[in-house]
Each structure stands twice: as structure tokens, then as C-alpha cells.
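Asks: Model the following, please.
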Amino acid sequence: CEESRVRKALSSIQAAALAALLAIPATAGEKSPAEPFLAAHTTEHRGFLEQPFVHGPVRDGRCSACHNPPGSATAMVKPGNALCLSCHADRKADLEKPYVHSPFKDGDCSTCHDPHASPNRYRLNQPLNDLCVMCHDPTSAEQKKKHFGIAVQKARCSTCHSPHGSTQKALLHEKQHAPFASSLCESCHVENPPAGKVTLKDAPGTLCLGCHDNLREFGAMKVVHAPFRQRLCLRCHFPHASQRDYFLVGGTVPDCGQCHPGKERDHPIVGHPTGGNRVSPKDGKPFTCVSCHHPHGSSHARLLFAERDDEGFCMTCHKK
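Replies: Now for the predicted structure:
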């Protein structure tokens with residue numbers, strides 16, 4: 001009868017609506033039928049969201065990405081590292097490198113990382129160096145030997161070392177400063193320094209010029225870059241290993257921006273035709289500060305390679 005057909009139609013509509021509701025991914029803090037695990041752990045979830053560093057699935061309320069509901073809290077979709085690598089596929093390459101950090105290779109990611117949320121960057125269980133010293137005692141004879149007698153330093157361990165995998169020496173970067181690559185620490189450092197703290201034989205700038213004597217000529221030029229004049233080499237360069245050319249700390253533009261903020265917006269080059277694609281016609285390399293300015297010294301104003309009204313300045317990049 002007509003009433004029966006109406007009931008069937010309403011039933012179909014309700015079923016479709018319920019299916020659509022279940023297909024909607026749960027948002028942070030909401031109890032969705034699609035996430036029964038989240039609905040059962042709302043108090044814990046709320047606490048995770050209050051932390052500075054929250055894991056993506058936790059932030060989005062996607063508990064089922066890792067947990068196997070309606071199982072217990074320990075029932076996971078995949079065991080151990082396999083679960084993490086299913087999303088962090090870029091880490092798989094680290095497992096193939098000559099050196100692989102043992103907690104990453106043999107253990108579980110939760111050895112170092114909190115899978116939900118943490119007050120520490122990268123969701124570490126503890127501040128980085130505190131976490132490292134749980135296994136690596138910097139005051140031990142073995143570690144002091146590896147670090148030329150240095151046991152106390154302010155730098156993070158990850159400044160030099162990879163916590164996952166690397167090509168050699170457990171180092172984060174492949175490009176190594178010549179003395180560092182050759183283990184000639186004595187070129188710059190005092191062995192077994194007092195109190196185990198980093199101690200240099202001389203001021204950094206003086207040490208650098210001992211090997212990079214060719215840079216001295218820039219100190220006598222008309223315009224000398226302030227950090228170079230003050231021998232603050234470490235403001236721009238890292239002395240051990242780096243992934244960047246010239247061992248720059250943060251890359252040309254970021255490094256320059258530390259002292260010259262806003263220049264990427266109001267610099268004259270912004271309105272120049274080359275400013276749009278940021279590629280130098282000279283060699284096809286990215287157009288950066290050092291395309292026009294010398295980072296140490298110059299005989300021209302503003303550390304330029306040539307005077308701005310000189311045709312040769314444009315010819316540095318543009319051919320006739």
C-alpha cells in the first residue's frame with residue numbers, strides 16, 4: 001500500500017543519511033560514530049590537543065589510522081615501526097643507509113617519540129639532549145674521545161648527528177669542513193678542555209683566516225661586510241658539516257635576513273624582471289643576495305660586484 005511505500009522510502013533515506021555520517025572523518029574533539037575509539041577516549045584526546053606539538057592523526061581525531069578499534073589501547077593497525085613508516089615513507093630511505101641509529105633500526109619509534117603529543121619539538125619524549133644522554137653518556141671515555149674531550153656543549157646533538165640514518169659517522173650532513181672530515185679537531189679546538197666545555201685555540205675569525213688566507217684581501221677593500229670585519233664568521237657559516245654550499249647556517253637569503261629583515265619585499269630587485277622567477281640568466285642558478293652582493297668585501301658601494309650605473313653590473317647576468 002501507499003503507506004508501506006512511504007515507510008520504505010523513509011527507511012532508505014535514513015540509511016543513506018547514516019552511511020554519509022559514518023563516512024565523514026572525525027574532526028578534533030568530536031565524537032563521531034566513525035571513530036568509536038575516539039568516543040571512548042575523549043578525556044585523553046582533549047589533553048593531547050593542549051600540547052604544543054600534536055601528531056597529525058591525533059589533531060584530526062583519526063584514531064583509527066593507528067589504533068584497531070574496538071580493540072584495546074594496545075591493539076594497533078600495524079606493529080612497531082611499520083605503522084610509522086606507512087605514513088612517514090621518506091624515513092624508509094634512512095633504513096638503507098650505511099649507518100642506522102639502533103633505536104630506529106631495532107626498536108620502536110616510541111623509544112624517542114610520543115605518538116600522540118608532546119611539549120617538545122618533533123614530539124620527543126624529552127628535550128633532545130636529555131633524551132640522547134639516556135644512551136650516550138657524554139662524560140664517558142668513549143664519547144669524550146669521539147668529541148675531542150668535549151663533554152658539555154649548548155648545541156643540540158641533532159645539529160651534527162642524524163637520529164635516524166646517515167652515510168657516515170652518524171652525521172646529519174654529507175658536506176664536511178675539511179679539518180672536521182679529517183678528524184683534525186686540534187686545528188681549532190683545545191683537547192680535553194677545562195670543565196669539558198668547547199674551547200677554541202683562538203677567536204673563530206682568526207682561526208678561519210689561518211686556513212682561508214685568501215679572504216684577507218676583502219678586509220682591505222672600500223666596503224667590508226660588518227660580520228666579516230668583526231670576524232664573526234660563525235654568524236653565517238657552520239664549522240663542521242652542512243647540507244648547504246659554503247657551510248652556510250641557514251642558506252643565503254635566510255642568513256642575510258637575520259640582519260637585513262624585509263629586504264626580500266622592499267629591495268629594488270623585487271621590481272626587476274628577474275625578480276619574478278628568481279633565476280639568474282647567467283648560470284640558471286637561483287637568484288639570491290650573492291648574485292649581486294659580495295658577502296665579505298667590495299670596492300663598490302653596498303658590497304656590489306660593480307657600480308649600479310655601470311653597464312658591466314648588468315652584464316654580470318645579462319649578455320648582449
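
Asks: I'd say F148 and E191 touch.
Replies: Yes: applying C-beta atoms under 8 Å as the test, F148 and E191 come out as touching, 5.8 Å apart. From N, CA and C alone the C-beta is placed, and that goes for glycine too.

Asks: Now the common contact residues for those two.
Replies: C185 (C-beta atoms under 8 Å, 6 or more residues apart in numbering).

Asks: Of the two, which one has the most company?
Replies: More crowded of F148 and E191, by other C-beta atoms under 10 Å: F148, with 18 against 11.

Asks: gap between the more buried one and L85?
Replies: 36 Å (C-beta to C-beta, to the nearest Å).

Asks: Tell me how many other residues crowd V224.
Replies: 17.

Asks: Tell me if I'm right that it and H296 touch.
Replies: Yes: using C-beta under 8 Å, V224 makes contact with H296 at a distance of 7.3 Å.

Asks: Please identify every residue contacting each of the two.
Replies: Here V224 and H296 share the contacting residues F218, scored by C-beta under 8 Å, 6+ apart.

Asks: Tell me how far the closest residue to N129 other than its chain neighbours lies from A82.
Replies: Excluding its sequence neighbours, the residue lying closest to N129 (C-beta to C-beta, 6 or more residues apart in numbering) is C157, at 5.7 Å. C157 sits 26 Å away from A82, going by C-beta to C-beta.

Asks: quick one: contacts for the closest residue in space to Q243 that isn't next to it in sequence?
Replies: Nearest residue to Q243 in three dimensions, chain neighbours excluded: H173, at 4.5 Å (C-beta to C-beta, 6+ apart). The contact partners of H173, taken as C-beta under 8 Å, 6+ apart, are 241-243.

Asks: Out of the residues you listed, which end up buried?
Replies: 241-242 (16 or more other C-beta atoms under 10 Å).

Asks: Take the contacts of H173 and lay them out in CSV including pLDDT and secondary structure.
Replies: Listed next are those as CSV, based on pLDDT from 0 to 100; DSSP: H, G, I helix; E, B strand; the rest coil:
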residue, pLDDT, secondary structure
A241, 87, strand
S242, 86, strand
Q243, 81, coil
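
Asks: ok, so of the contacts of H173, who is nearest F48?
Replies: Proximity of the contacts of H173 to F48 (C-beta to C-beta) peaks at Q243, which lies at 32.8 Å.

Asks: was I right about that closest one contacting K175?
Replies: Yes: using C-beta under 8 Å, Q243 is in contact with K175, at 6.4 Å.

Asks: now the strands for the stretch 1-150 of the chain?
Replies: 53-54, 99-100, 117-118 (DSSP state E, counting those that start in this stretch).

Asks: what lines up beside the first one in the sheet?
Replies: Applying DSSP bridges to the sheet, strand 53-54 is found paired with strand 117-118 (antiparallel).

Asks: what comes into contact with the strand it pairs with?
Replies: 47-55, 58, 123-125.

Asks: Restrict the residues you listed to the buried ones and give me that as a PyMOL selection.
Replies: Here is the PyMOL command that selects the buried residues among the contacts of strand 117-118 (16+ other C-beta under 10 Å):
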select buried, resi 48+51+54+55+58+123+124
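
Asks: Sort out which of the contacts of strand 117-118 are in helices and list them.
Replies: Of these, the ones assigned to helices by DSSP state H are 47-49, 58.

Asks: Output those in a markdown table; the columns should cover pLDDT and distance to F305.
Replies: Shown next, in a markdown table, are those (pLDDT from 0 to 100; distance: C-beta to C-beta, whole Å):
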| residue | pLDDT | distance to F305 |
| --- | --- | --- |
| G47 | 96 | 57 |
| F48 | 96 | 53 |
| L49 | 96 | 52 |
| V58 | 95 | 51 |
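
Asks: now the residues you listed in JSON lines, with distance to K92?
Replies: Supplementary listing: the ones in helices among the contacts of strand 117-118 in JSON lines, determined by distance: C-beta to C-beta, whole Å:
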{"residue": "G47", "distance to K92": "32"}
{"residue": "F48", "distance to K92": "27"}
{"residue": "L49", "distance to K92": "30"}
{"residue": "V58", "distance to K92": "23"}
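
Asks: Low-confidence stretches in the protein?
Replies: 1-34, 70-71, 251-254, 264-265, 268, 270-286, 309-312, 315-320 (pLDDT under 70).

Asks: let's see it at 50
Replies: The chain contains residues with pLDDT under 50 at 2-3, 6-11, 13-33, 275-276.

Asks: Could you report the neighbour count for the residue nearest to D255 when sequence neighbours are not counted?
Replies: Spatial nearest neighbour of D255, excluding adjacent residues (C-beta to C-beta, 6+ apart): C236 at 5.1 Å. When neighbours are counted by other C-beta under 10 Å, C236 registers 21.

Asks: This completes my enquiry, with thanks.
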